[in-house]
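J.: Okay, predicted coordinates and the sequence, questions at the end:
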Amino acid sequence: MTPRKTTITKELILNTAFEIARDKGIDAISARKIAYEINCSTQPVYSTFNNMKELKNEIVNKASEYGLSKILTYKETGYVSLDMGLGYLDFAAKEKELFKILFSSEKIVFDNENDKYIFDIELQIKQMRKDPNFKKFNKDQVKNILKKLWIFTHGIATMIVNDSFKAPKEEIITMLTETYNSLLINELIKNGQYEEAFNSCKK
């Protein structure tokens, strides 16, 4: 019996390229390498994508979606916001090449002026509002806390990827917790919620 011929789809090409990038980095992607992994000619690659830049842009988008899914589903402490931060650090530690793709690409990762970010901020806000500590905050307050927490966490993540940060997980959790609490209290004080801030300090 003749073996069934593999159907070369855009999804197959993109997923193959993504796995190459995940393992070797985005510069390792080529039509020839993709064709070798799929066991086909380079023709389907060239007929599906206009050029390698188009393909690599889709890989950046796929890496962003993958990274966000890891951040939103990470479970460690039981506190949603802290787990998101820890999930981000876990993503950086386990997916170094994808992290490099996201944060060394031409895509702007943090455009506060135009409210555009590498990870979907609306999904992150929705996730954070599941945390009981955020019931007292409106959406803009949650967004403000999230952005500041993200910048702090990104600094640690970058050092992890560059092998310039070593610390026990317990210490990292403490660092994130202290930063998280400081941001919450600061937001309460800034908005005149002094009693709430005082009660938070006592906890």
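T.: Okay, I see it.

J.: Domain-wise, how is this structure divided?
T.: 1-49, 63-202 (automatic domain parsing).

J.: okay, now Leu14: neighbour count?
T.: Counted with other CB atoms under 10 Å, the neighbours of Leu14 add up to 18. Glycine gets a C-beta too; all of them are placed from N, C-alpha and C.

J.: my bad, Asp120
T.: The burial count for Asp120: 13, using other CB under 10 Å.

J.: Asn186 too?
T.: For Asn186, the count of nearby residues is 14 (other CB under 10 Å).

J.: ok so, going back, can you tell me which of the domains of the chain the model trusts least?
T.: Among the domains of the chain, domain 63-202 carries the lowest mean pLDDT, a mean of 84.

J.: and it, how far from the chain's centre?
T.: 10 Å (CA atoms, centre = their mean, to the nearest Å).

J.: give me every residue that touches the residue nearest the centre of the chain.
T.: Against the mean C-alpha coordinate of the chain, by CA atoms, centre = their mean, the closest residue is Gly67 at 3.8 Å. Contact analysis of Gly67 by CB atoms under 8 Å, 6 or more residues apart in numbering lists Tyr88, Phe91, Glu95, Leu98, Phe99, Leu102, Phe119.

J.: Just list what the strand or helix carrying the second one packs against, helices and strands only.
T.: Here Phe91 is covered by helix 80-94, with elements defined by DSSP states H and E. Helices and strands touching helix 80-94, by 3 or more CB pairs under 8 Å, 6 or more residues apart in numbering; DSSP states H and E, are helix 52-73, helix 96-103, helix 121-128, helix 139-161, helix 169-190.

J.: Let's have those helices in a markdown table, adding distance to Thr9.
T.: As requested, those are arranged in a markdown table below (distance: least, CB to CB, whole Å):
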| stretch | distance to Thr9 |
| --- | --- |
| helix 52-73 | 13 |
| helix 96-103 | 22 |
| helix 121-128 | 27 |
| helix 139-161 | 32 |
| helix 169-190 | 40 |
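
J.: Just name the most buried of those helices.
T.: Neighbour counts (mean count of other CB atoms under 10 Å) averaged over each of those peak at helix 96-103, with a mean of 20.
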